[in-house]
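Asks: Give me the fold of what follows.
(chains A, B, C, D, E and F)
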Number of protein chains: 6
Amino acid sequence: MNDPVRSHLLEELSWPEVKAAIDADTVVILPLGAIEQHGHQLPIDTDDYLATRLALAGAEQAGALVAPSPSYGCRSRPGSGGGEQFPGTLSLSGATFIAMVAEVIGGILRHGFRRLLVYSWHMENRGFAYEAAFQASERYPTARIVVMEEPFDSLTDGSMQSLFPNGFPGWPLEHAGVLETSLMLYLRGSVVGRGAPPGDRIEARPYEVLPQPPVSEGQTGVLWESAGAEAEKGRLAYEEIVAKLTAVLVREFGGVS
Amino acid sequence: MNDPVRSHLLEELSWPEVKAAIDADTVVILPLGAIEQHGHQLPIDTDDYLATRLALAGAEQAGALVAPSPSYGCRSRPGSGGGEQFPGTLSLSGATFIAMVAEVIGGILRHGFRRLLVYSWHMENRGFAYEAAFQASERYPTARIVVMEEPFDSLTDGSMQSLFPNGFPGWPLEHAGVLETSLMLYLRGSVVGRGAPPGDRIEARPYEVLPQPPVSEGQTGVLWESAGAEAEKGRLAYEEIVAKLTAVLVREFGGVS
Amino acid sequence: MNDPVRSHLLEELSWPEVKAAIDADTVVILPLGAIEQHGHQLPIDTDDYLATRLALAGAEQAGALVAPSPSYGCRSRPGSGGGEQFPGTLSLSGATFIAMVAEVIGGILRHGFRRLLVYSWHMENRGFAYEAAFQASERYPTARIVVMEEPFDSLTDGSMQSLFPNGFPGWPLEHAGVLETSLMLYLRGSVVGRGAPPGDRIEARPYEVLPQPPVSEGQTGVLWESAGAEAEKGRLAYEEIVAKLTAVLVREFGGVS
Amino acid sequence: MNDPVRSHLLEELSWPEVKAAIDADTVVILPLGAIEQHGHQLPIDTDDYLATRLALAGAEQAGALVAPSPSYGCRSRPGSGGGEQFPGTLSLSGATFIAMVAEVIGGILRHGFRRLLVYSWHMENRGFAYEAAFQASERYPTARIVVMEEPFDSLTDGSMQSLFPNGFPGWPLEHAGVLETSLMLYLRGSVVGRGAPPGDRIEARPYEVLPQPPVSEGQTGVLWESAGAEAEKGRLAYEEIVAKLTAVLVREFGGVS
Amino acid sequence: MNDPVRSHLLEELSWPEVKAAIDADTVVILPLGAIEQHGHQLPIDTDDYLATRLALAGAEQAGALVAPSPSYGCRSRPGSGGGEQFPGTLSLSGATFIAMVAEVIGGILRHGFRRLLVYSWHMENRGFAYEAAFQASERYPTARIVVMEEPFDSLTDGSMQSLFPNGFPGWPLEHAGVLETSLMLYLRGSVVGRGAPPGDRIEARPYEVLPQPPVSEGQTGVLWESAGAEAEKGRLAYEEIVAKLTAVLVREFGGVS
Amino acid sequence: MNDPVRSHLLEELSWPEVKAAIDADTVVILPLGAIEQHGHQLPIDTDDYLATRLALAGAEQAGALVAPSPSYGCRSRPGSGGGEQFPGTLSLSGATFIAMVAEVIGGILRHGFRRLLVYSWHMENRGFAYEAAFQASERYPTARIVVMEEPFDSLTDGSMQSLFPNGFPGWPLEHAGVLETSLMLYLRGSVVGRGAPPGDRIEARPYEVLPQPPVSEGQTGVLWESAGAEAEKGRLAYEEIVAKLTAVLVREFGGVS
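Replies: Model (predicted):
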């Protein structure tokens, strides 16, 4: 696809450039992440960063634009993100997240964009992101909205084998694990801590308990383990995940812009 | 465990009986379901009915009480429940569902119950049920709350093989499929329609599209297929799922009452 | 009227049956009750049960459907329901009740039902039920909604004399009294406790005091008295109340379906 | 009781005077009314005016203070106030009214007032005023709050006979009728229109219909009739209603300040 | 302009008179103020009173109507109103104020008024009043709404010199100072206290600190000073401020009615 | 002050680093901006970018941390930001912004940070940012919060003269004008467009009109003018504004960490 825009980050455009993008019927991707602990080795904005970086790569491939992420996401759960007790995990209530995202989407569509993809990289946003998009869609029913809430789940069997040679713990426990650490080593290695402890290998449970327990002595925040993370694995995963996003953009929106 | 209560349905008790249950530190289970289309063969209250019936069986085993279900659940999605366009699907917005469930849980804990399990049989309630419990827990931090949002995911490999001899489509597509139809045949066969069309075998997609599409000609509401459903399979699944619930009750609440 | 539907409980229908009911322009009744103490002799779901049972009887007579009750109602007041301090009384805040009911009504009308009757058997829902219906009506202005918030007030002078030979204490104090106990003896005698204490004969006051007082020693929850309740009185009242509902359905909706 | 304050209207005091009133443990009355049509003869602020004037008279008798009314009330209903279609009827949604009143009460209690009476002269505020007070009471549980939602219902049989010699239509239909018109003739005769049409004598119905119907040709807004209203009848009613309020203040708050 | 209405206070009209005003396309002014401490010398309703009185004067000049003020405003800040710790300051939360004002405006426009001016005399309402008007405007887009949030800022240089011969402290600190005290001496001298302490001459700061500090010994609530206030200065300011309002009415609404 | 942290961007820290910062009683700055048109020459994230960059400079000087900005701000107004009709302006409702910011602040304080400065670079956030901080402060009353809502208003007379040699139009009209353009030329010159049209020189008005007017032909979005903007002017302004922020940090929080 051709690529007439100066930047694929909506926020870097001036309003006449935004107007031109609307007139060209450009697709917009809204990334959603979280500010949430990611072990000793990763910064707390990992989800927000990955959502935006992956969205940007897809946007570049498909000639789309990435809207600014609102940074904050839904409450972290012990079984999939460590929970709210870890210092630095900063979350919104469900109702506020829904309202915020619905208004952001509504604002984008109000200006005349008609094709939008919500791209969330934070398990706990699941359902809430959809609800927000649903509300915006009720208000702007002629727009087409695609909601991807689990984009990490797009790797080939070969990649899964390469990333998790000792077995895959399931996505909830893969928080701050091999996939995310590898992606960050590849994309933003300078902020990744080295020599981090191996991980908590917590037991998978089909339920959650409240109140969320305090962080215990020695708990790392890596639910399973990050050992084995490598920049090269990150590169492979990145390319597959971006390719998957691009394919969805093409499939659902056709020639994107 | 002994079982002093006249009924395991909280709603059938008089207030002095509720008071006695509180004094005995009884565990309460709050079932959450939905009013949502379940194909030609099942009634629209299937999720609500199964949530309550399974919770009741667990309560009987563990000496717990089942609080009244508020009947209505979160918005149905095409990829896991058919969507809001099917006649009879009646849902709440996310914010209202959260507020409603948080107030019901808060009410139970306000009276002095200290142990509560939220038992949701409707995929789209996931996250919203937890959010509600989280809010109630913030208000009553000395109570212990367990949130089970995917109780269907508790079958042995043998049972999975028996239920899905031709392959398992994944839980989102198993809506109104072999498991639910079998459970209903076993528990409430009189309302199950016979000779229903086989199912839509829709493609699994890692995203949702909005606006939700209208119901198309011939669409059944069974996302994958219900063929092969049998009361006996329902009985086996029922017993395993109840056993799993009971085990969680015992594990998390010890001698339940 | 003819009666083509398999069940008058909406929840027992499959979605194609709901669709047929919409196509036939069927009237829907939404019962609203409460989970609230009703003395030593009655279960805490008395209001919810009576709302649904009476609505069902009216629906059967008039060829209408009964939507699922959301079970929970507005906060109990000492002067008309005993108050929130009685164990087992579980209520919603006013704002949440309004939102919940407005969304349920809105959902019913969204699918194409055009005639709906809200039937509330719980004094404290008064005003809140109307507010919810008003909001739904603003959204679906072509639908016709009837709101009955005090259906107990429909007895003939003869019945009133028969039920309250020693004088009528007024509806607020008639909570868990002769009328409700008689209705329950007639409709669901197996759950009615025998030998319950006679009642608190509290003084009628033209105001309420907050905070609501704790339940005092010996307080029964029957605000006036339940002595004299009989199944036969319940039958008579039931028939009159159902006849009144049916008359309203016919008057306001004409040939109902 | 002695009466040290310069004015019984809280709004006319300076903050040091308010402080002195708090230190003296003064009772505060919060009047609630509405802006709602009251026929051809009465202004649309009748409810708001009467709530404040009656509260003030009670405050003067009992040494209490009257807080500013927020003027606006809950939605008017055809069966008790004519409805929202009458020009000039300006109402709040239930949720907003609750939040507004709860915050006003909360503000009063936050400063240290410990005794408050909510005095509502508008049938449609019933329940909503209580809900607001309930929420404020949860936040300030050591304060004592009395909620009077139907203060018009405090006349002796003799007065009722004098006001309604041809029969009493019930309070819902007495909107803008003999009682309110007489009170206004006595208290604020200059704004009362003369020669107004007699009234609509609408039929009492045990339900409401939505959408609210438009105002029909010739409809006056007086639900029953205002004929027979006289300033002298207003005086008598005023004195009885104020005496009733004063009695409640004394009964519930003892020596008021 | 001619002036057919009996009163310029909307609240004093009957509904047929309101209807006539709508038919004449009359402009409505909605005054917004606050209940907030105003030093030892002024009552706590000063903002509410001034908003209404000034709006009324403008309405009389321009043939407009003044809607009832809801009395209460947004939270007082130490740097512009003294703050919430002063006894008698009673405020609403931002969200509740927005909802309340949006519903009042919406109600006025719903009846067919098409021209409305929001007139706020309370610095802390700034932004919130606009937000409310914005929401109402979204719902009634054919109406024209003017929002004046700082009407005090309309004096000539000569008047400023006359009022503040020793220098102008800026509007935030002019709370309960020379302007407001002079206006009240002119308009409502009987409630203005004499011999009040001179004022706190607090330092202007470009920020606020939370929690708001308690009222300290000797603090007067006059942020700068009220010395020099005179009725005659009030008259001059009043006339200029009213003239400014009238000019805006004429400019934005043309021949007003 | 010493500066032990690896980064002054909170988001770049791992949770153990955040924990160390809490233990060191570090001050946190929360920047708030907007996504809003800024003429032809500046990107739509100008407010968000400047809020964060200026906060970061202050944090570096004072040893504080900068929390992630939520990017989106309150609705743009024609008189101070151009308004919502400019393509690319994406805003939140007032209530959602308040809730979002209150929850973010609450989250920071929940973890144990006790000193926080809210730093807003977007006029329309004024009042809303304070309201959010007020709510968080009510929940965490032992924390100290400073709210700076107009940090642009901190230049010396000399700088003002240098920036606005032809006269200062006032801050509302200085949107996308000389100050912001100069700051952006200094800090992020690569995204600043050259040869932009000079500006709209709109008239200052003491009110706003709704609905917001559409963008007219030739309207630039620069309310006054950007001519004369230079990177060097930006550097001087930047240093003064940062120095002012640093001074506030030191004054209000003492030795910051």
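Asks: Got the phi and psi for the residue in the stretch 51-200 of chain A that chain F sits nearest to?
Replies: Sorted by distance to chain F under CB to the nearest CB, the residues of the stretch 51-200 of chain A start with A:Gly88, at 3.5 Å. Where C-beta positions appear, they are placed from N, C-alpha and C, glycine not excepted. In this entry, A:Gly88 is assigned phi and psi values of phi 100, psi -20 (degrees, to the nearest 10).
Asks: Also A:Pro169?
Replies: A:Pro169 has phi and psi values of phi -80, psi 0 when expressed as degrees, to the nearest 10.
Asks: And the residue of chain A that's closest to chain C?
Replies: Minimum separation of chain A from chain C (CB to the nearest CB) falls at A:Glu138, amounting to 10.4 Å.
Asks: excluding its backbone neighbours, what's nearest that residue?
Replies: If you skip the residues right next to it in sequence, A:Glu138 has B:Pro211 as its closest partner in space, 7.8 Å away by CB to CB, 6 or more residues apart in numbering or on different chains.
Asks: May I ask which helix or strand encompasses A:Thr181?
Replies: Secondary-structure element containing A:Thr181, defined by DSSP states H and E: helix A:178-188.
Asks: Is that helix in proximity to chain F?
Replies: No - judged by CB under 8 Å from any CB of the partner chain, helix A:178-188 stays clear of chain F, getting no closer than 9.4 Å.
Asks: same for that helix, what does it pack against?
Replies: Contact partners of helix A:178-188 among helices and strands, from 3 or more CB pairs under 8 Å, 6 or more residues apart in numbering or on different chains; DSSP states H and E: helix A:46-62, helix A:157-163, helix A:231-253.
Asks: For A:Gly199, find the nearest of the ones you listed.
Replies: For the helices and strands packed on helix A:178-188, the distance to A:Gly199 is smallest for helix A:157-163, at 14.2 Å, taking CB to CB.
Asks: what residues does that closest one touch?
Replies: Outside helix A:157-163, the residues that touch it by CB atoms under 8 Å, 6 or more residues apart in numbering or on different chains are A:Leu155, A:Phe168, A:Val178, A:Leu179, A:Ser182, A:Gly228, A:Lys233, A:Leu236, A:Ala237, A:Glu240.
Asks: out of those residues, who has the most neighbours?
Replies: Neighbour count (other CB atoms under 10 Å in any protein chain shown) singles out A:Val178 as the most crowded of the contacts of helix A:157-163, with 27 neighbours.
Asks: what about whatever residue of chain A ends up closest to chain D, how many neighbours?
Replies: In chain A, no residue comes nearer to chain D than A:Ala95, which is 13.8 Å away by CB to the nearest CB. A:Ala95 sits with 22 neighbouring residues when counted by other CB under 10 Å.
Asks: Surely it touches B:Thr96?
Replies: No - shown here, A:Ala95 and B:Thr96 do not form a contact pair, counting by CB atoms under 8 Å, at 9.2 Å.
Asks: got the residues of the stretch 51-200 of chain A near chain B?
Replies: A:74-75, A:77, A:93-95, A:98-99, A:124, A:126-128, A:130-131, A:133-135, A:137-138, A:141, A:144-151, A:153-154.
Asks: pLDDT weak spots in chain A?
Replies: Low-confidence segments of chain A, defined by pLDDT under 70, are located at A:1-5, A:255-257.
Asks: For it, just list every one of the strands.
Replies: Counting by DSSP state E, one finds strands in chain A at the ranges A:28-32, A:65-66, A:73-74, A:91-92, A:115-120, A:144-148, A:208-210.
Asks: Would you format these as TSV with mean neighbour count included?
Replies: Written out in TSV, the entries for the strands of chain A read as follows (neighbours: other CB atoms under 10 Å in any protein chain shown):
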stretch	mean neighbour count
strand A:28-32	28
strand A:65-66	28
strand A:73-74	29
strand A:91-92	27
strand A:115-120	26
strand A:144-148	23
strand A:208-210	21
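Asks: closest one to E:His40 among these?
Replies: strand A:91-92 (44.0 Å).
Asks: How far away from the center of its chain is the closest one?
Replies: 15 Å (CA atoms, centre = their mean, to the nearest Å).
Asks: What helices and strands are in contact with it?
Replies: Using 3+ CB pairs under 8 Å, 6+ apart, the elements in contact with strand A:91-92 are strand A:73-74, helix F:94-110.
Asks: from the ones you listed, which stretch is densest packed?
Replies: Highest mean neighbour count of the helices and strands packed on strand A:91-92: strand A:73-74, a mean of 29 (counted as mean count of other CB atoms under 10 Å in any protein chain shown).
Asks: first to last residue in stretch A:146-163, what's the distance?
Replies: End-to-end span of stretch A:146-163 (CA to CA, to the nearest Å): 28 Å.
Asks: In it, which residues are buried?
Replies: Taking 16 or more other CB atoms under 10 Å in any protein chain shown as the neighbour-count basis, stretch A:146-163 is seen to contain the buried residues A:Val146, A:Val147, A:Met148, A:Glu149, A:Pro151, A:Phe152, A:Ser154, A:Leu155, A:Ser159, A:Ser162, A:Leu163.
Asks: Quickly name whichever of those is closest to chain E.
Replies: A:Val147 (25.3 Å).
Asks: picking that back up, closest to F:Pro197 out of the helices and strands packed on helix A:178-188?
Replies: Using CB to CB as the criterion, the shortest distance between F:Pro197 and the helices and strands packed on helix A:178-188 is 29.0 Å, found for helix A:46-62.
Asks: and the angle for the closest one with strand A:28-32?
Replies: Inter-element angle recorded for helix A:46-62 and strand A:28-32: 160 degrees (by axes from the mean of the first three to the mean of the last three CA atoms, to 10 degrees).
Asks: Tell me which of the helices and strands packed on helix A:178-188 sits most buried.
Replies: helix A:46-62 (a mean of 25).
Asks: so what does that helix touch, helix or strand wise?
Replies: Judged by 3+ CB pairs under 8 Å, 6+ apart, helix A:46-62 is in contact with strand A:28-32, strand A:65-66, strand A:115-120, helix A:178-188, helix A:231-253.
Asks: Check what contacts the last one and list those residues.
Replies: For helix A:231-253, the external contacting residues (CB under 8 Å, 6+ apart) are A:27, A:29, A:54-55, A:57-58, A:61-62, A:64, A:115, A:117, A:119, A:144, A:146, A:148, A:151-152, A:154-156, A:159, A:162-163, A:178-179, A:181-187, A:189, A:256, B:206-207, B:209.
Asks: A:Ala237 versus A:Ser154, what's the distance?
Replies: With the distance defined as CB to CB, to the nearest Å, A:Ser154 ends up 9 Å from A:Ala237.
Asks: If you could redo that for A:Leu249, that was the one I meant.
Replies: A:Leu249 sits 19 Å away from A:Ala237 when distances are taken as CB to CB.
Asks: can you name the farthest residue from the center of chain A?
Replies: Relative to the C-alpha centroid of chain A, counting by CA atoms, centre = their mean, A:Glu217 is the outermost residue, at 29.3 Å.
Asks: correct me, but A:Gly170 touches A:Glu203?
Replies: No - checked against CB under 8 Å, the pair A:Gly170 and A:Glu203 is beyond contact range at 11.4 Å.
Asks: who's more crowded, those two?
Replies: Neighbours per residue (other CB under 10 Å) separate A:Gly170 from A:Glu203, with A:Gly170 holding more: 12 against 7.
Asks: so what's the more buried one up against?
Replies: Taking CB under 8 Å, 6+ apart, one finds A:Ala204 in contact with A:Gly170.
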